[in-house]
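[1] Dropping the sequence and predicted coords here.
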Amino acid sequence: HMKVHPDDVTRVLNCARGHDLMLEIDRFYFSPRKVEESECVCYCLLMFDDLGMVQQWQLKKDTLTRFLLFVKKGYRDAPYHNWYHAFSVFHFSYLVIKNLHLVERGYISSLEALALMVSCLCHDLDHRGTTNSFQMQSGTELASLYSSEGSVMERHHLAQALCILNTDGCNIFDGLSSEQYSRCLDLIRDLILATDLAHHIRLVQDQEKMAAEGFDFHNSQHNQLLLFLLMTCCDLSDQTKDWKVSRTTADLVYQEFFSQGDLEKAMGNAPLEMMDREKARIPDLQIQFLSHIVCPVFKILAQLFPEADCLLQSTLKNRHCWEQASAFFARRWESGHSSLDILR
Ligand SMILES: Cc1nc2ccc(C(=O)N[C@]34C[C@H]5C[C@H](C[C@H](C5)C3)C4)cc2n2c(-c3ccccc3Cl)nnc12
Ligand SMILES: [Mg+2]
Ligand SMILES: [Zn+2]
């Protein structure tokens, strides 16, 4: 089973003690993938502290550090769904809480902010780089455990998160009252399950309606729809960064998709076109993904929070870059080249 050495905890605590937050780490354009892997856990500590969470929820730094080290160990080295993805999703939750003033303005409570940050860290724990439909079609052990409820991978990520919280010396919530503790775990459950994009698609019309009507601070449904929207925004946040990050991320996602497609072919199943390295046209697929899923989400966020307009603009700019690439790619595709290298 996973183990964390006491010296690792000490090393992180020493690193955090001496450190200030990196310059501009709290800006939307900051790319968390620039942080050294060995410093990520220390920066998680600093971000929790910067938002006053350590003080407010009496989080013990050694417990929080041990928890973070277990979470980091809980991710596999898949091309995309690895610790760096979790760290970057967590970083974006820090950005929206801080820059959209979500707690001070009463959109979410401080407990919901804590649950959001912890859910982001844990939301893809033990991901194998394959999709829910792959689990079901190939009858994996996770499918046998969870397929009756759907969101197979997300239920596994949640189970892994609860397992770490129940590990000796890792229960970061032991300073919460029993009522706050159960509310926090209910939130983490709902927020991790909300990262299934199929779940998001069922909600997005309600989220658009909420943004059009205006957020109702007395409507608990609006509060829940906003929390789910924030989780999706965090999970897709690479697409709000500059073109190089957006393209590199797509590269990594399609490495996972194409490996799954290879597996499905080997098993005699025909993969989706977006999983088939022989058929997929990445620029066109990315234009669809940005148009149908990413830009609508950040449009809703920008309607609710004017400060978030820069995020919508970035996703639109990245979609435009893919449109340019698509035209160029089409020309090259006709003449027999198919790799993304042309975009370097
Ligand atoms: C760059 C990039 N491209 C992506 C292209 C496609 C899809 C994707 O799941 N598409 C859908 C398309 C329809 C309707 C639903 C359910 C399924 C059928 C599959 C969604 C995701 C992509 N994605 C993610 C990402 C975000 C959350 C979970 C998993 C992943 Cl991989 N993060 N970055 C990217
Ligand atoms: Mg996921
Ligand atoms: Zn994710």
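    Yep, it's here. Ligands and ions are numbered 1, 2, ... in the order given.

[2] show me where pLDDT drops low in the stretch 151-300 of the chain?
    Low-confidence segments of the stretch 151-300 of the chain (pLDDT under 70): none present.

[3] Next to ligand 1 in this structure, residues from it, please.
    Within the stretch 151-300 of the chain, the residues that sit near ligand 1 (CB under 6 Å from any ligand atom) are 197-198, 201, 235-236, 249-250, 253, 289. For the C-beta atoms, the positions are set from N, CA and C on the backbone; glycine is no exception.

[4] and which of these is nearest ligand 2?
    Of all these, ligand 2 sits closest to Asp235, with 6.7 Å by CB to the ion.

[5] Name all residues that make contact with the closest one.
    Contacts for Asp235 were tallied using CB atoms under 8 Å, 6 or more residues apart in numbering; they are 89, 120, 123, 195.

[6] List just the nearest of the residues of the stretch 151-300 of the chain next to ligand 1 to ligand 3.
    Asp235 (4.4 Å).

[7] Just the buried residues from the residues of the stretch 151-300 of the chain next to ligand 1, in PyMOL please.
    A single PyMOL command selects the buried members of those (16 or more other CB atoms under 10 Å):
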select buried, resi 235+236+249+250+253+289
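
[8] Narrow the residues of the stretch 151-300 of the chain next to ligand 1 to those in strands?
    Among those, no residue falls in strands (DSSP state E).

[9] and ligand 3, which of the residues of the stretch 151-300 of the chain next to ligand 1 contact it?
    Asp235 (CB under 5 Å from the ion).

[10] Just the closest residue of the stretch 151-300 of the chain to ligand 2, please.
    Thr195 (4.7 Å).

[11] Not counting its neighbours along the chain, what's nearest that residue?
    Spatial nearest neighbour of Thr195, chain neighbours left out: His123 (4.9 Å); criterion: CB to CB, 6 or more residues apart in numbering.

[12] Get me the contact residues on the protein for ligand 3.
    124, 235.

[13] residue nearest the centroid of the chain?
    Asp235 (2.8 Å; CA atoms, centre = their mean).

[14] Kindly present the contacts of Asp235 as CSV, with separate columns for neighbour count and secondary structure.
    Shown next, in CSV, are those (neighbours: other CB atoms under 10 Å; DSSP: H, G, I helix; E, B strand; the rest coil):
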residue, neighbour count, secondary structure
Val89, 25, helix
Cys120, 26, helix
His123, 27, coil
Thr195, 24, coil
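
[15] picking up where we left off before, Thr232 is in contact with the residue of the stretch 151-300 of the chain closest to ligand 2, correct?
    Yes: Thr195 is within contact range of Thr232, at 7.2 Å (criterion: CB atoms under 8 Å).

[16] quick one, longest helix in the chain?
    helix 309-334 (DSSP state H).

[17] Is any residue of it near ligand 1?
    No: Helix 309-334 lies out of reach of ligand 1 by CB under 6 Å from any ligand atom, never closer than 9.7 Å.

[18] Could I get the buried residue list for that helix?
    311-312, 314-316, 318-319, 321-322, 325-326, 329.

[19] which helices and strands does it pack with?
    For helix 309-334, the packing partners by 3 or more CB pairs under 8 Å, 6 or more residues apart in numbering; DSSP states H and E come out as helix 243-266, helix 282-289, helix 295-304.

[20] need the ones you listed in TSV with distance to Phe30, can you?
    Output for those, formatted as TSV (distance: least, CB to CB, whole Å):
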stretch	distance to Phe30
helix 243-266	11
helix 282-289	23
helix 295-304	17
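
[21] what about the stretch 1-150 of the chain, any weak spots by pLDDT?
    The stretch 1-150 of the chain contains residues with pLDDT under 70 at 1.

[22] Pull up the residues of it that are close to ligand 2.
    So the stretch 1-150 of the chain meets ligand 2 at Asp124 (CB under 5 Å from the ion).

[23] Now the stretch 1-150 of the chain against ligand 3: closest residue?
    Taking CB to the ion, ligand 3 has its nearest neighbour within the stretch 1-150 of the chain at Asp124, 4.3 Å off.

[24] Count the neighbours of that residue for me.
    A count of nearby residues for Asp124, using other CB atoms under 10 Å, gives 26.

[25] now it, what's its secondary structure?
    Assigned with DSSP: H, G, I helix; E, B strand; the rest coil, Asp124 falls in the coil class.

[26] do the same with the one 3 residues further on
    Under three-state DSSP, the three-state class of His127 is coil.

[27] Does it touch Asp77 like I think?
    No: at 10.6 Å, His127 does not count as touching Asp77 under the criterion of CB under 8 Å.
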